[in-house]
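J.: quick check, what structure comes out for this input:
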Amino acid sequence: MLLTRIKGPRDLDRLSQEELDQLAAEIRSFLVDAVSKTGGHLGPNLGVVELTIALHRVFDSPKDKVLFDTGHQAYVHKLLTGRQDFGGLRTKGGLSGYPSRAESDHDVIENSHASTVLGWADGLAKANEVLGREDHHVAAVIGDGALTGGMAWEALNNIAAAKDRPLVIVVNDNERSYGPTIGGLANHLATLRTTDGYERFLARGKELLERTPVVGKPLFETLHGAKKGLKDFIAPQGMFEDLGLKYIGPIDGHDIEALESALQRAKRFSGPVIVHCLTQKGRGYTPALEHEADRFHAVGVIHPDTGLPVKTAAASWTSVFADEMVKLGHERPDVVGITAAMLHPVGLNKFAEAFPDRIYDVGIAEQHGATSAAGLATGGVHPVFAVYATFLNRAFDQVLMDVALHKCGVTFVLDRAGVTGDDGASHNGMWDMSILQVVPGLRLAAPRDAEQLRAQLREAVEVKDAPTVVRYSKGVVGPAVPAVGRIGGMDVLRTPAPEVTRPDVLLVSVGALAPMCLEIADLLDKQGISTTVVDPRWVKPVDEALAPLADRHRVVVTVEDNGRTGGVGSAVAQALRDAGVDVPLRDFGIPQRFLDHALRKEIMAEIGLTAPDIARQVTGLVAKLDGRYDNEPAATVD
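T.: Reported below is the predicted structural model:
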């Protein structure tokens with residue numbers, strides 16, 4: 001196999017055109033076989049095989065910087081830079097699903113949030129200029145979906161301002177981000193895809209005119225000088241050139257020879273150039289091409305021949321939300337849905353099918369989505385903006401200043417909250433409950449099971465004068481966790497024995513960690529430590545009944561699937577201080593560090609967010625209160 005002989009990009013230099021085509025076929029076979037066993041981003045990588053080969057033949061990585069936006073399309077890049085062991089893809093100790101500086105000098109940015117690459121490229125090109133590195137180049141590959149993000153256009157505005165600063169921008173135009181790309185830019189690119197190109201027209205004109213005696217050559221030069229107007233007439237790529245960016249394309253993104261020619265021309269140019277490449281997401285794999293929803297953007301473990309899942313998926317948090325949104329849509333004609341280019345991943349596809357006139361896909365533009373939601377609410381409807389928890393970070397200012405300040409009734413539904421695992425550091429939704437604590441008036445719900453998700457979503461959309469947030473985990477929703485009572489707005493999940501007059505521990509369980517918190521209580525009970533377990537349901541604001549309840553216990557313990565700094569535990573501690581309740585509090589959550597990719601349960605064990613770990617520490621805390629400091633060891637928990 002040719003692929004096994006590729007240890008680095010320069011090994012591509014000695015391959016013939018026929019061998020390059022063979023290598024492309026081998027890479028596609030490798031990807032289907034490898035990713036079907038582990039899961040991962042299959043469709044996007046099948047679409048960039050030839051493009052990545054051409055990039056590494058034209059540019060000299062790592063001296064030249066080759067960047068990808070988003071990084072989920074970098075599997076081929078990994079293969080060509082010496083990383084061909086995909087057996088542990090996205091698992092602990094294996095390859096990351098995104099570029100990773102820890103893996104290779106060829107990986108520059110670890111980006112899995114979209115629309116950032118052009119900002120990085122602008123900075124790298126400026127650094128080359130400042131340091132006089134004329135033999136260094138920067139090539140940034142950006143998917144057409146990522147071009148729907150505002151950051152990309154802010155960067156383009158700055159890139160275009162330096163006419164003589166070399167920078168190659170490769171637009172990977174496959175008409176899709178997750179699903180089909182949405183918006184005016186998508187329509188513009190579609191026009192470029194479907195219009196005969198200027199270069200072809202000009203070549204034909206040149207051939208005819210040069211055969212015309214006397215006036216032919218001067219006429220051609222005049223025509224060539226007027227090319228901007230002709231380009232706008234024949235192929236409206238003028239949008240890019242109006243910004244001051246040289247435009248090359250559209251180029252067949254599966255023709256290595258054509259790609260190399262275009263990239264070489266762009267590399268030689270002394271200013272910023274856009275190379276517009278047309279690619280096909282899922283290319284070469286029939287099940288992906290036939291999957292209209294997202295062309296196998298991301299798959300779990302599948303059968304490589306059929307593309308069908310190996311295991312039947314159980315009900316997920318996302319699917320519970322999806323079904324409840326449809327029910328709400330039938331009951332409430334004022335409820336509308338918003339997604340940021342992730343209709344299927346966040347579960348709004350069912351709502352879109354039922355109410356096509358009440359769904360808005362804003363593209364990869366979370367900031368715009370949040371402010372547009374404020375406008376919708378002001379206009380008299382109730383928007384539900386479903387987004388990954390980690391992506392809401394990007395719209396914090398809009399949540400604060402547009403939605404909350406204006407007391408707009410907008411519901412944000414945060415999917416993939418807490419530790420998500422295999423997508424790595426950028427996808428863990430561990431910041432939302434911290435950053436949202438500072439937003440005045442905002443109310444935040446963390447449902448513990450499917451029944452509570454349905455109930456709290458309905459409670460959220462009833463709020464008309466403030467933003468509401470409903471956040472839940474990634475993956476399979478667990479069994480129902482029934483309440484045994486209610487105190488204030490909090491559900492009581494467990495009470496101590498009736499004869500206990502002052503229980504030892506008040507355990508505040510946040511969201512989907514309720515089963516683990518009940519397990520903690522069982523372990524404490526075996527050590528003779530009495531425990532009350534409550535689920536606040538709405539963790540912001542802190543329920544007024546919590547402080548008086550805490551005052552009747554010896555210790556308060558909070559457990560949350562969120563960063564410890566500024567999270568629910570911090571809010572509870574402040575509420576107790578404000579109420580004058582002087583009870584020791586121990587908060588358990590995610591440490592404030594970036595977590596490497598691994599299975600969720602592996603990460604939870606690594607950070608000590610498991611029932612035995614927490615029970616052991618709480619046992620030690622209670623032992624200290626009992627006066628067993630140094631002379632008597634704390635009881636152990638099996």
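J.: where does the stretch 201-350 of the chain have low pLDDT?
T.: 201-239 (pLDDT under 70).
J.: run through the helices of it in chain order.
T.: Using DSSP state H, counting those that start in this stretch, the helices of the stretch 201-350 of the chain run over 216-225, 227-234, 238-242, 256-268, 286-289, 317-331, 349-354.
J.: then the stretch 51-200 of the chain?
T.: 75-80, 117-130, 150-159, 184-194, 198-210.
J.: for the chain, longest helix please?
T.: Assignment by DSSP state H gives helix 17-38 as the longest helix of the chain.
J.: that helix to helix 256-268, inter-axis angle?
T.: 100 degrees (axes from the mean of the first three to the mean of the last three Cα atoms, to 10 degrees).
J.: what is the helix or strand just after helix 17-38 packed up against?
T.: Using DSSP states H and E, the helix or strand that follows helix 17-38 in sequence is helix 43-46. Where contact means 3 or more Cβ pairs under 8 Å, 6 or more residues apart in numbering; DSSP states H and E, helix 43-46 is packed against helix 17-38. For glycine as for every other residue, the C-beta is placed from the backbone atoms N, C-alpha and C.
J.: pull the residues that contact the helix it packs on.
T.: 1-3, 6, 12, 15, 41-42, 45-46, 49-50, 53, 75-76, 79, 84, 86-91, 256-257, 283-285, 299, 301-304 (Cβ atoms under 8 Å, 6 or more residues apart in numbering).
J.: chain center to it: distance?
T.: 26 Å (Cα atoms, centre = their mean, to the nearest Å).
J.: need the CA coordinates for it. CSV is fine.
T.: Listed next in CSV are the C-alpha coordinates belonging to helix 17-38 (Å, rounded to 0.1, in the frame of the first residue of the first chain):
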residue,chain,number,x,y,z
GLN,A,17,-0.2,11.5,-10.6
GLU,A,18,-1.5,8.0,-11.0
GLU,A,19,0.0,7.1,-7.6
LEU,A,20,-1.6,10.1,-6.0
ASP,A,21,-5.0,9.0,-7.2
GLN,A,22,-4.3,5.5,-5.9
LEU,A,23,-3.3,7.1,-2.5
ALA,A,24,-6.5,9.0,-2.4
ALA,A,25,-8.5,5.8,-2.9
GLU,A,26,-6.5,4.0,-0.2
ILE,A,27,-7.1,6.9,2.3
ARG,A,28,-10.8,6.7,1.7
SER,A,29,-10.8,2.9,2.3
PHE,A,30,-8.7,3.4,5.4
LEU,A,31,-11.0,6.1,6.8
VAL,A,32,-14.2,4.0,6.3
ASP,A,33,-12.6,1.0,7.9
ALA,A,34,-11.0,2.9,10.9
VAL,A,35,-13.8,5.3,11.7
SER,A,36,-16.5,2.7,11.5
LYS,A,37,-14.8,0.9,14.4
THR,A,38,-14.4,3.9,16.7
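J.: all the strands of the stretch 401-550 of the chain, in order from the start?
T.: 411-415, 443-445, 468-471, 485-487, 490-494, 505-509, 531-535, 538-540 (DSSP state E, counting those that start in this stretch).
J.: what pairs with the fifth one, parallel or antiparallel?
T.: Strand partners for strand 490-494, identified by DSSP bridges, are recorded as strand 485-487 (antiparallel), strand 531-535 (antiparallel).
J.: turn these into JSON lines, including mean neighbour count, distance to Glu154 and mean pLDDT.
T.: Formatted as JSON lines, the strands paired with strand 490-494 follow (neighbours: other Cβ atoms under 10 Å; distance: least, Cβ to Cβ, whole Å; pLDDT from 0 to 100):
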{"stretch": "strand 485-487", "mean neighbour count": "13", "distance to Glu154": "49", "mean pLDDT": "97"}
{"stretch": "strand 531-535", "mean neighbour count": "25", "distance to Glu154": "42", "mean pLDDT": "98"}
